[in-house]
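Asker: quick check, what structure comes out for this input:
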Amino acid sequence: MVYPKERKEAVLKKMLPPNIKTMSEISKEEGICEGTLYNWRKVVRAEGRLMP
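Answerer: Numbers count the residues shown, from 1 in each chain. Next up is the predicted model:
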């Protein structure tokens, strides 16, 4: 499934302070599998953005 860039950014913000939620929590809230979330985080880190 392809997600809009805006949705990805909104979900990624949930991983940052002060929100910081676990991948499991975000996955359940958003209906996105954890593997996809980990992949998005990996891509963002590769771009040089700070991500916990």
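
Asker: so Lys14 versus Glu25, what's the distance?
Answerer: Plainly put, Lys14 is 8 Å away from Glu25 if you go by CB to CB, to the nearest Å. No exception for glycine: its C-beta is placed from N, CA and C like everyone else's.

Asker: okay, those two: which has more neighbours?
Answerer: Under the criterion of other CB atoms under 10 Å, the comparison of Lys14 against Glu25 puts Lys14 first, with 16 against 11.

Asker: work out the gap between whatever helix or strand Glu25 lives in and the centre of the chain.
Answerer: If you go by DSSP states H and E, Glu25 is part of helix 23-30. For helix 23-30, the gap between its own C-alpha mean and the chain's C-alpha mean amounts to 9 Å (CA atoms, centre = their mean, to the nearest Å).

Asker: ditto for stretch 4-23
Answerer: How far stretch 4-23 lies from its chain's middle: 5 Å, per CA atoms, centre = their mean.

Asker: who touches that stretch?
Answerer: The list of residues contacting stretch 4-23 from outside it, by CB atoms under 8 Å, 6 or more residues apart in numbering, reads 26, 29-30, 32, 34, 37-38, 40-41, 44, 51-52.

Asker: try it again with 6 Å
Answerer: Contacts of stretch 4-23 from elsewhere in the structure, counted by CB atoms under 6 Å, 6 or more residues apart in numbering, are 26, 30, 34, 37, 40.

Asker: and that stretch, what's buried?
Answerer: 8, 11-12, 14-15, 23 (16 or more other CB atoms under 10 Å).

Asker: dump that stretch to PDB, keeping only the CA atoms.
Answerer: Once side chains and other backbone atoms are set aside, the C-alpha atoms of stretch 4-23 remain, and they are given as PDB (Å, rounded to 0.1, in the frame of the first residue of the first chain):
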ATOM      1  CA  PRO A   4       0.600   9.900   1.200                       C
ATOM      2  CA  LYS A   5       3.700  11.800   2.300                       C
ATOM      3  CA  GLU A   6       1.700  13.900   4.700                       C
ATOM      4  CA  ARG A   7       0.400  10.700   6.500                       C
ATOM      5  CA  LYS A   8       3.900   9.300   6.800                       C
ATOM      6  CA  GLU A   9       5.200  12.500   8.300                       C
ATOM      7  CA  ALA A  10       2.300  12.600  10.800                       C
ATOM      8  CA  VAL A  11       3.000   9.100  11.900                       C
ATOM      9  CA  LEU A  12       6.800   9.700  12.100                       C
ATOM     10  CA  LYS A  13       6.200  12.600  14.400                       C
ATOM     11  CA  LYS A  14       4.600  10.200  16.900                       C
ATOM     12  CA  MET A  15       8.000   8.600  17.200                       C
ATOM     13  CA  LEU A  16       9.600  12.000  18.300                       C
ATOM     14  CA  PRO A  17       9.600  13.800  21.700                       C
ATOM     15  CA  PRO A  18       7.400  14.800  23.400                       C
ATOM     16  CA  ASN A  19       5.000  12.200  21.800                       C
ATOM     17  CA  ILE A  20       7.300   9.100  21.800                       C
ATOM     18  CA  LYS A  21       5.200   6.100  21.300                       C
ATOM     19  CA  THR A  22       6.300   2.500  20.700                       C
ATOM     20  CA  MET A  23       6.100   1.000  17.200                       C
END
